[in-house]
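Chemist: Quick one, structure for this:
(2 chains)
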Amino acid sequence: MTTESPARTERAVESLERVTIRFAGDSGDGMQLTGTQFTKTSAVFGNDLATFPDIPAEIRAPTGSLPGVSGFQLSFASTDIRTPGDSPDVLVAMNPAALKVNIGDLRPGGLLIVDEDEFNPTNLKKAAYAVNPLEDGSLAGFQVVRINITRQNELALEGSPLNAKDKFRSRNFYALGLILWLYGRSMDTTVKWANEQFRRRPDVLEANLNALRAGYNFGETTELFHHRYEVAPATVAPGLYRHVSGNEATAMGFVAASVLSGLPLFYGSYPITPASDILHELSKMKNFGIKTFQAEDEIAAIGSAIGAAYGGHLGLTGTSGPGLALKSEALNLAVMTELPLVVVDVQRAGPSTGMPTKTEQSDLLQAMYGRNGDSSVCIIAPATPADCFFMAIEAFRIALKYMVPVIFLSDGYIGNGSEPWRIPDVDDLPRIEHSYAAKQEGEFNPYKRDPMTLARPWAVPGQAGFEHRIGGIEKSGQSGDISYDPQNHHTMTLARAERVARIVQDIPPLEVLGPKSGDLLVLGWGGTHGALTSAAENARKQGKSVASAHLRYLNPFPANLGEVLSNYKKVLIPELNTGQLSMLIRAKFLVDAAGFNKIAGQPFKITEVEGKIDEMLGLTGPYNLKFGPASVLGGG
Amino acid sequence: MTAPATNRPGIVEDLPVLTRKDFVSDQEVRWCPGCGDYSILAQMQKMLPALRIPRENIVFISGIGCSSRFPYYVETFGFHSIHGRALTLATGLKTARPELTVFVVTGDGDGLSIGGNHLLHAMRRNVDLNVILFNNRIYGLTKGQFSPTSEFGKVTKSSPYGTTETPLNPLRIALAAGATFAARTIDRDTKHLEDTLYQATQHKGTSFVEVYQNCNIFNDGAFSAFTDKEVRQERMVYLEDGAPLRFGNDREHGIRLNGFTPEVVQNASDDDGLFVHDAGVANPMLANILVGMDYPAYPVPVGIFRKVQAPSFDELVAHQVDDAMAKGKGDLGELLRSGETWEVS
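Modeler: Numbers count the residues shown, from 1 in each chain, chains lettered A, B, ... in the order given. Reported below is the predicted structural model:
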């Protein structure tokens, strides 16, 4: 398109229940920003939504190359949704590489918008296209809309003092403007945001806003689109809402834990993808009395948090899988000294460096068993981005009550993903009870346990009369003195495990969605909640006897888990690993649970889980992911 | 001993007078008889009452090794942590609770080998900690392997043909990392040891004290060539601020600088041209020259090599928090409602 049609055309408006869009471009093209702005706009509009940023590991891979492609997918709907969608309905591809990487996911007949200007020989070569895909008929199954985004954007920015390179960088605003128009959305949210974001760079602000308006107006004046679409606001519970990512919710949850307990928060962390945002967030919040420490390494990060916990503050450290491995010795020190420490692991694809920007649930067994000796810690896992807020509060509630380290297993998918969140009323949040050691009869015994919780007293420096020594060497059951006594080690090992087991008296029972007994239970944990719950719900809509349950407490398990498992003929455990929860469930409950395992760095699609459900119910033959059979523990 | 500076946190003016005994815990000391650690423990316990800080506000944190048993024997708060990581716990504790007086007890293996990274970073940050590094140039607890400070070619259980590696000089590391207080003392000179420990506590920021400590089981006599009483005055030079470097039984010898090279002046009749020690110079060049002096080429310097003022990490962190709180204490409800929100009715 090189000319604008002067006449503004009225377009038919088609109502949709749900739309999934993926913005894809070079990592320098600002696709995360485009996606985030569209998300905010849809959130303010009142849609339910879910997002999935897919970021390349390289900060700036060679421009136009396949590894440099960055994507942001969001799904917005007039109904309750739990995932960012299986297959996009709309793909915006800013260059050939973005097309190549993403076209396989676009649903048949989906809308493909490309920046035609970028399909030049150089870029086609970088994307390893022998022939221009816009010309060879390979896109015939989609509605292809070719727009000269780069040229149009240049025209819109004529007169701007920015250089050509900076003008080029405004293309994402042009694309955003176009999509805002296509879905009947206002530019207000973005204009407001840009005014704030670029207030010190008026030239950039003006260019971006001009590009945004140009894209919007192009949609309105061009005849390329026969329809506009509308997705009505979702019917949700009344209240004040915001849009929140899992890492933001995690950070705010820990701030809340500090406020609710009245104890200052100390966060020691070493930057690591995808957990660094928690450090960024908490380091801003000094006005809550929070101290953050960017340590020299992962070990120093947890060591400092243990030091703070020993000092009577909320000791928190955060990392991802490789960092958890480095922290394991120090974590055991917290196990032995029975201090209230919380460790966040925003899991990513492993082993080793693995795929830092891709999600996985493969640290469960590391969290359970990845330490020397018989070493039990509490493990919890948020199920959705917003759930991170509540589970962060839970982490410290449990840590303080039981004087125990708690591992908080988030993952890259919910950490970076986002959803609308009905903001809770602070007055409705539970206070976190805690106390420092109280005077005991006679000598102070730092390992004298509470009979209910088996927690030892928290005696902190500054408490006169409570001077004592602790450490990693085995402790005598009462005095905490060094002990090599055989009976004592036996008793203490069991007591440390029993203290974690007793947390069961303080956690809610596992909730089941669907029939209380029946053919199949779909059991999951952590960030797969959306896909699993939706797949089971869809199965029920088709009259199938399928329930779902999602574990947020993994050690100990909720008290009713064994009973829940026994109520179904079959149990399916889909996980983004090779069967870690499956192994725990099979070992503990002797249940022949079938695994369904995807190890691709990508979340489950609802249809994948549905396919496996049908296989389990005997409705179809073996269901395999496109990656092939993937279970080590029964099932396909 | 000089009177304590009153700007130290945690000093209680009307604290009942404490004595050495108040800092002796009920734990049986389990170092080998004759170990240099006993002397360091004794001088520490003698020194602590002078701080006029209540016992509950003092914390000893250690890593792993013979030296790291230290906290069990002192009647204060104590934390015997894991190998090499004492400084990380201490940094977290001191940052969270700046009003506490925190000691870190470590050794040449714990502090310079497995925990070397943390030592660098604690000193560059200038966390207000008193780091006492017991240097016996050997691994004692694991029964006699060479350490990062063992001399080149040393024959040990793990180096039967002699080591093939060059030792570290702990004080050179301290200066390179920007330590604001760097000192050396020896286990056998109890008065100098006690005074050096005291001086370390009076410095705000990381105080790094290397103690030459004899392991009479696995490396006996490692320092005796210059620490034996009969030769000590001839083979060691005690650094005194503002005074020329003099040594010898009658302080008859001196040290002068020839360019960047120190030279021994035998029987220096007057102080003219002798190297006058000043621990307070900002540039660590001169301290580095002193640190490089070693027996037998030179007398071994002990005392405070460097002592300069700089804001401590814990203090800076606390100021940022205080400033932010003074501008408006955080409100959880407001935080949750920050960013774009919308009302659904």
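Chemist: Please give the number of neighbouring residues around residue 166.
Modeler: As the question left the chain open, I've gone with chain A. With neighbours defined by other C-beta atoms under 10 Å in any protein chain shown, the count for A:D166 comes to 15. Glycine gets a C-beta too; all of them are placed from N, C-alpha and C.
Chemist: You answered for a different chain; I wanted chain B.
Modeler: When counting by other C-beta under 10 Å, one arrives at 9 neighbours for B:T166.
Chemist: now B:I289
Modeler: Counted with other C-beta under 10 Å, B:I289 comes out at 17.
Chemist: same question, B:V317
Modeler: The local packing of B:V317 (other C-beta under 10 Å) involves 21 other residues.
Chemist: Starting from B:L168, give me the distance back to the residue nearest the centre of chain B.
Modeler: Centroid-nearest residue in chain B: B:V209, 2.3 Å away (criterion: C-alpha atoms, centre = their mean). Distance, B:V209 to B:L168, using C-beta to C-beta, to the nearest Å: 16 Å.
Chemist: What of B:E194?
Modeler: For B:E194 relative to B:L168 (C-beta to C-beta), the value is 26 Å.
Chemist: For those two, indicate the residue with more neighbours.
Modeler: Neighbour count, other C-beta under 10 Å: between B:E194 and B:L168, B:E194 has more, with 21 against 17.
Chemist: which residues touch the residue nearest to the more buried one when sequence neighbours are not counted?
Modeler: Of all residues not flanking B:E194 in the chain, B:Q43 sits nearest, at 4.1 Å (C-beta to C-beta, 6 or more residues apart in numbering or on different chains). Taking C-beta atoms under 8 Å, 6 or more residues apart in numbering or on different chains, we find B:Q43 in contact with B:T190, B:L193, B:E194, B:L197.
Chemist: pLDDT score assigned to the last one?
Modeler: At B:L197 the predicted local distance difference test score is 98.
Chemist: buried stuff in the strand or helix carrying it?
Modeler: B:L197 is part of helix B:190-201, with elements assigned from DSSP states H and E. For helix B:190-201, burial by neighbour count (16 or more other C-beta atoms under 10 Å in any protein chain shown) applies to B:H192, B:L193, B:E194, B:D195, B:T196, B:L197, B:Y198, B:Q199, B:A200, B:T201.
Chemist: and which of the residues you listed is nearest A:M355?
Modeler: B:A200 (47.9 Å; C-beta to C-beta).
Chemist: Next, name the residue at the spatial heart of chain A.
Modeler: A:I414 (1.2 Å).
Chemist: For the helix or strand where it lies, name the packing helices and strands.
Modeler: Secondary structure assignment for A:I414, by DSSP H and E: helix A:412-416. Packed against helix A:412-416 by the contact rule (3 or more C-beta pairs under 8 Å, 6 or more residues apart in numbering or on different chains; DSSP states H and E) you find strand A:48-54, helix A:246-261, strand A:341-347, helix A:387-402.
Chemist: now for these, which one comes closest to chain B?
Modeler: In terms of C-beta to the nearest C-beta, the element of those nearest to chain B is helix A:246-261, at 4.7 Å.
Chemist: tilt between that closest one and helix A:387-402?
Modeler: Put simply, helix A:246-261 runs at 40 degrees to helix A:387-402, going by axes from the mean of the first three to the mean of the last three C-alpha atoms, to 10 degrees.
Chemist: Across the sheet, point out what pairs with the closest residue to chain B within the stretch 101-250 of chain A.
Modeler: Among residues of the stretch 101-250 of chain A, the one nearest chain B by C-beta to the nearest C-beta turns out to be A:R242. It sits 4.7 Å away. According to DSSP bridges, the residues that bridge with A:R242 are A:W421, B:T341.
Chemist: contacting residues for it?
Modeler: Counted by C-beta under 8 Å, 6+ apart, A:R242 has contacts A:A43, A:P420, A:W421, A:I423, B:L336, B:R337, B:S338, B:G339, B:E340, B:T341, B:W342.
Chemist: Go again with 7 Å.
Modeler: Shown in contact with A:R242 (C-beta atoms under 7 Å, 6 or more residues apart in numbering or on different chains): A:W421, A:I423, B:G339, B:E340, B:T341.
Chemist: which of those residues lies closest to A:N120?
Modeler: B:E340 (38.0 Å).
Chemist: what about the closest one, how many neighbours?
Modeler: 14.
Chemist: Hmm, it is touching A:K40, no?
Modeler: Yes. Counting by C-beta atoms under 7 Å, B:E340 does reach A:K40; the two are 5.5 Å apart.
Chemist: hey, what's in contact with both of those two?
Modeler: In contact with both B:E340 and A:K40: A:T189, A:H243, using C-beta under 7 Å, 6+ apart.
Chemist: Can you show me the CA trace of the lengthiest helix in chain A as CSV?
Modeler: Longest helix in chain A by number of residues (criterion: DSSP state H): helix A:202-221. Extracted C-alpha coordinates of helix A:202-221, given in CSV (Å, rounded to 0.1, in the frame of the first residue of the first chain):
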residue,chain,number,x,y,z
PRO,A,202,10.1,15.1,23.5
ASP,A,203,11.4,14.2,20.0
VAL,A,204,11.0,10.5,20.6
LEU,A,205,7.6,11.1,22.2
GLU,A,206,6.3,13.0,19.3
ALA,A,207,7.6,10.5,16.8
ASN,A,208,6.1,7.6,18.7
LEU,A,209,2.7,9.3,19.0
ASN,A,210,2.7,10.3,15.3
ALA,A,211,3.5,6.7,14.4
LEU,A,212,0.8,5.4,16.7
ARG,A,213,-1.8,7.8,15.1
ALA,A,214,-0.6,7.0,11.6
GLY,A,215,-1.1,3.3,12.2
TYR,A,216,-4.6,3.9,13.7
ASN,A,217,-5.6,6.2,10.9
PHE,A,218,-4.3,3.9,8.3
GLY,A,219,-6.6,1.2,9.5
GLU,A,220,-9.5,3.6,9.4
THR,A,221,-8.9,4.9,5.9
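Chemist: Pull the residues that contact it.
Modeler: So helix A:202-221 is contacted by A:4-5, A:8, A:152-153, A:156-157, A:160-162, A:167, A:170-171, A:173-178, A:180-182, A:187, A:190-191, A:194-195, A:198, A:225 (C-beta under 7 Å, 6+ apart).
Chemist: How far away from the center of its chain is that helix?
Modeler: The chain centroid and the centroid of helix A:202-221 are separated by 32 Å, computed with C-alpha atoms, centre = their mean, to the nearest Å.
Chemist: list the buried ones in that helix?
Modeler: Neighbour count says helix A:202-221 has A:204-220 buried, by 16+ other C-beta under 10 Å.
Chemist: One more: stretch A:78-90?
Modeler: For stretch A:78-90, by 16+ other C-beta under 10 Å, it's A:S78, A:I81, A:R82, A:T83, A:P84, A:G85, A:D86, A:S87, A:P88, A:D89, A:V90.
Chemist: okay if I get these as CSV plus pLDDT, secondary structure and distance to B:A50?
Modeler: Supplementary listing: the buried residues of stretch A:78-90 in CSV, determined by pLDDT from 0 to 100; DSSP: H, G, I helix; E, B strand; the rest coil; distance: C-beta to C-beta, whole Å:
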residue, pLDDT, secondary structure, distance to B:A50
A:S78, 92, coil, 75
A:I81, 90, coil, 68
A:R82, 91, coil, 65
A:T83, 91, coil, 66
A:P84, 92, coil, 65
A:G85, 91, coil, 70
A:D86, 91, coil, 72
A:S87, 92, coil, 74
A:P88, 95, coil, 72
A:D89, 95, coil, 76
A:V90, 96, strand, 75
